[in-house]
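**Student:** Need a 3D model of the following:
(one chain, ligands or ions: 1)
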Amino acid sequence: MLFSKRLREAADASWEASFSHPFVTGIADGTLPLDRFKHYVLNDAYYLSCFAQVQALGAAKATDLHTSNRMAAHVQGTYGAELSLHEKFSGMLGITDEERSSFQPAPTAYAYTSHMFRAAYTGHLGDIIAAILPCYWLYYEIGERLQGAKPDEPIYREWIAAYGGEWFKELVQEQIDRLDAIADTVTEADRERMQRSFLISSRYEYLFWDMAYKKEQWPV
Ligand SMILES: Cc1ncc(C[n+]2csc(CCO)c2C)c(N)n1
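**Tutor:** Below is the predicted model of the structure:
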């Protein structure tokens, strides 16, 4: 069985929990209150800037020039996503420069990005791909599921459109193929560590919706 298939099956319960989380279903039917989406956007901007750094560490840890180049190209893709997130959604949601500059990540955003940095600094490229793949792949599956949805709220229609489409599918498949190729060359202990990391990221993806839905803050 392909390593990626083994991971996808192991993560199924937490992915199903993401699909049915009220934040996700609330985007699809347009009932999600905008203040919760704004909490998501602010934390996601922080998440994306860390994600790009982790991808760049992947470029540095790659052992051939082609892979370094592709990982660096993915950094640029994340930058593009971050820019449109800031530009489109900040205007639509009335996020001010002050709000952005004084923003501090909520506990879950901080913990999830710390998990990815841990994989990046302590592991090899396979550990990095394992930690960042749920981000690509889960959003692709959510994008597919939400394609038929036409919420009244234009922001949510934009969000749904961002994760549908062929360009995104190709990026996701590229990282899945990269993970499977690396998995063939490493030890079983490496594969087990990569699987654990993939599962932790999958659980954090669920917690990220929950963080936004509950407008999670630091307790003190
Ligand atoms: C918490 C969280 N998880 C996943 C994504 C989606 N995402 C972020 S970067 C990237 C790769 C290239 O753009 C993808 C798919 C998100 N935005 N926020």
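
**Student:** so Tyr163 makes contact with Gly143?
**Tutor:** Yes. Under the criterion of CB atoms under 8 Å, Tyr163 makes contact with Gly143 at 3.2 Å. Any C-beta I mention is one placed from the backbone N, CA and C, and that applies to glycine too.

**Student:** Provide the count of other residues in contact range of Phe23.
**Tutor:** The criterion is other CB atoms under 10 Å. On that basis, Phe23 has 20 neighbouring residues.

**Student:** Look up how far the ligand lies from it.
**Tutor:** 11 Å (CB to the nearest ligand atom, to the nearest Å).

**Student:** host element of that residue?
**Tutor:** Element membership for Phe23, per DSSP states H and E: helix 22-29.

**Student:** quick one: average pLDDT of that helix?
**Tutor:** Taken as a whole, helix 22-29 carries a mean pLDDT of 98.

**Student:** In it, which residues are buried?
**Tutor:** Within helix 22-29, the residues that qualify as buried by neighbour count (16 or more other CB atoms under 10 Å) are 23-24, 26-28.

**Student:** possible to save these as TSV with distance to Leu93?
**Tutor:** As requested, those are exported to TSV (distance: CB to CB, whole Å):
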residue	distance to Leu93
Phe23	15
Val24	18
Gly26	15
Ile27	14
Ala28	19
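
**Student:** Next up, the contacts around the closest residue to the ligand within the chain.
**Tutor:** Closest residue of the chain to the ligand, CB to the nearest ligand atom: Cys135 (3.7 Å). Contact partners of Cys135, counting by CB atoms under 8 Å, 6 or more residues apart in numbering, are 51, 201, 205.

**Student:** and if you look at Arg145?
**Tutor:** Taking CB under 8 Å, 6+ apart, one finds 19, 28 in contact with Arg145.
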